[in-house]
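[1] Build me a structure from this.
(one chain, ligands or ions: 2)
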Amino acid sequence: MVGPAFTVKYVPIGEHKGTVGDYIDDCKAGDVIVLNNAGRTTCPVWGDILTYVATAKGITGTVIDGVCRDVDGSRELGYPMLSRWHNMVTGKDRVMVQSVNETVAISDIQVRPGDLIVGDESGVLVIPRNRADEVLAFAKEIDATERLIFNKVKNGVHGERLAKSTVTMNYKEAMSKAIKKNPQLFNEQLGILLHLSQN
Ligand SMILES: O=C([O-])CC(=O)C(=O)O
Ligand SMILES: [Mg+2]
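    Residues are numbered from 1 along each chain as shown. Ligands and ions are numbered 1, 2, ... in the order given. Model prediction:
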């Protein structure tokens, strides 16, 4: 899942009311919807009706600092939905949209509208637009080294212990070279969202 962030911030309803999907008509094909529900695990803000609408609109996926529901229905549509967890309660008429396309926090990481969101079943990254080339170059370097290791493992490791063969493939050296080249990038840990998983 890769796409620009469309950010939404929720608050619980009060005197002013609203509901979960009040922003959906403003999303564009390709967007990744990024929902800040302040990590609340009691009140889902995404379900399979929203998945259906998002899929029809060509939206790439949804990232939630909070929970989703209707997991089976969304899985059937193969829609990427990364969140802290899920439960069965409806968020309808429990939350309202406070802001759309303003800076939000997801799992303590800042996400600005248009930041690149990259996610898979291992987690989610937030990449500022102006750092995309730098991050891609770093990722390609690591990927190339990992491919060498994979090939070696697939072709048999010729009696070597795996730990040694990993060293033989210069993984550590490649990593430290890449880190030395990009110290700022590595230290910043650009938005690694550890707690979200495919639901
Ligand atoms: O009620 C909700 O929280 C949202 C929902 O189920 C859906 O979109 O299908
Ligand atoms: Mg539903």
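
[2] buried ones in the helix ranked longest in the chain?
    The residue-count maximum for a helix in the chain (DSSP state H) belongs to helix 132-154. Neighbour counts over helix 132-154 (16 or more other CB atoms under 10 Å) mark 134-135, 138, 141, 145, 149, 152 as buried. Where C-beta positions appear, they are placed from N, C-alpha and C, glycine not excepted.

[3] what's the neighbour count on Met175?
    A count of neighbours around Met175, defined by other CB atoms under 10 Å, yields 14.

[4] I'd like the numbering to begin with 35 instead of 1 from here.
    From this message on, residue numbering opens at 35, which makes the last subject Met209.

[5] tell me which element Ile98 is part of?
    strand 95-99 (DSSP states H and E).

[6] For that strand, name the packing helices and strands.
    strand 66-70, helix 82-91, strand 115-117, strand 138-140, strand 150-154 (3 or more CB pairs under 8 Å, 6 or more residues apart in numbering; DSSP states H and E).

[7] for those, which one sits closest to ligand 1?
    helix 82-91 (3.3 Å; CB to the nearest ligand atom).

[8] For Thr202, which non-adjacent residue is closest in space?
    Distances taken as CB to CB, 6 or more residues apart in numbering put Glu194 closest to Thr202, at 6.8 Å, once the chain neighbours are dropped.

[9] As a quick check, tell me the outermost residue of this structure.
    The centre of the chain is farthest from one residue, Gly193, which by CA atoms, centre = their mean lies 39.2 Å away.

[10] Now it: which helix or strand?
    Counting by DSSP H and E, Gly193 is found in no helix or strand.

[11] what does Val158 give?
    Judged by DSSP H and E, Val158 forms part of strand 157-161.

[12] That strand to strand 95-99, inter-axis angle?
    Relative orientation of strand 157-161 and strand 95-99, computed by axes from the mean of the first three to the mean of the last three CA atoms, to 10 degrees: 100 degrees.

[13] Relative to strand 157-161, what are the paired strands and their orientations?
    strand 150-154 (antiparallel), strand 226-227 (antiparallel) (DSSP bridges).

[14] circling back: just the pLDDT at the residue nearest to Thr202, thanks.
    We have a pLDDT of 72 for Glu194.

[15] Look at it and say how many residues are nearby.
    By the other CB under 10 Å criterion, the neighbourhood of Glu194 contains 13 residues.

[16] measure it to ligand 2 for me?
    Plainly put, Glu194 is 53 Å away from ligand 2 if you go by CB to the ion, to the nearest Å.

[17] any idea which strand is longest in the protein?
    The longest strand of the chain (DSSP state E) is strand 36-46.

[18] Give the rounded mean pLDDT of it.
    97.

[19] could you check the angle strand 157-161 makes with that strand?
    Going by the same axes, to 10 degrees, strand 36-46 makes 100 degrees with strand 157-161.

[20] Just checking: what are the partner strands of strand 36-46?
    strand 66-70 (parallel), strand 129-134 (antiparallel), strand 150-154 (antiparallel).

[21] Say whether ligand 1 is contacted by that strand.
    No - contact of strand 36-46 with ligand 1 (CB under 6 Å from any ligand atom) is absent, the minimum separation being 10.9 Å.
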